[in-house]
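Undergrad: structure for this input, please:
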Amino acid sequence: MLDIDIKILDANELNNFREIRLSALAKAPEMFGSTYEVEVVKPLGFFQSCLSASTIFGVYYKEQIIGLASFTRENGIKLSHKAVLSSVFIEPEFQRQGIASKLLHAVIVYAKSHVEQILLTVADDNQSAIGLYQKFGFQVYGVEKRALKNNIEYTDELLMKLFVF
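TA: Numbers count the residues shown, from 1 in each chain. Now for the predicted structure:
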């Protein structure tokens, strides 16, 4: 297994975050609600806002960012026991090497001291991601039909949840 580092990104890693986010949008466009074309022209302030609004985990191999996951705690007194996991991505050449498992494990460890539940959505045809989430105990609690629309094509998403308390 590769020797990787996983850390929570801060303002010092702003350019790394932008780089991996744009790479994810370019290489796995079907996984995201946004597009490369929309975000590549965004100013750095946009990416800074993303870093400020969520806890962003970065995966590094030899000081190069190769993956990310976004963990966003819900707002409001009656919702703050939950967080949403999104934007999970590993560069294609590093996939199927256990890196996503290490990343997900790091997110869950972090979550246990911050929330009671992790929610996520995943395209219903993304079997590798669904399998990974199920391996960690996430369970499907619903389906959002036509959750994403790309021109005239729709993608359904599974709604998944993990209780971490």
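
Undergrad: only C-alpha atoms from now on, for both contacts and neighbour counts.
TA: OK.

Undergrad: how about the secondary structure of the nearest residue to Ser70 once chain neighbours are set aside?
TA: What sits nearest to Ser70 in space, not counting adjacent residues and going by Cα to Cα, 6 or more residues apart in numbering, is Ile56, at 4.6 Å. Under DSSP: H, G, I helix; E, B strand; the rest coil, Ile56 falls in the strand class.

Undergrad: tell me who's in contact with Ile56.
TA: Ile8, Leu9, Leu68, Ala69, Ser70, Phe71 (Cα atoms under 8 Å, 6 or more residues apart in numbering).

Undergrad: so which of the residues you listed belong to helices?
TA: Among these, no residue falls in helices (DSSP state H).

Undergrad: so which of those residues is the most crowded?
TA: Leu68 (27 neighbours; other Cα atoms under 10 Å).

Undergrad: tell me the mean pLDDT over the helix or strand where Ser49 lies?
TA: Per DSSP states H and E: Ser49 is located in helix 44-53. Averaging pLDDT along helix 44-53 yields 95.

Undergrad: in the chain, where is pLDDT below threshold?
TA: 1 (pLDDT under 70).

Undergrad: quick one, strands of it?
TA: Secondary structure of the chain by DSSP state E: the strands cover 4-8, 55-61, 64-73, 82-90, 117-123, 139-150, 153-163.

Undergrad: possible to save those strands as CSV with distance to Thr35?
TA: Below are those laid out as CSV (distance: least, Cα to Cα, whole Å):
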stretch, distance to Thr35
strand 4-8, 24
strand 55-61, 19
strand 64-73, 16
strand 82-90, 12
strand 117-123, 16
strand 139-150, 10
strand 153-163, 15
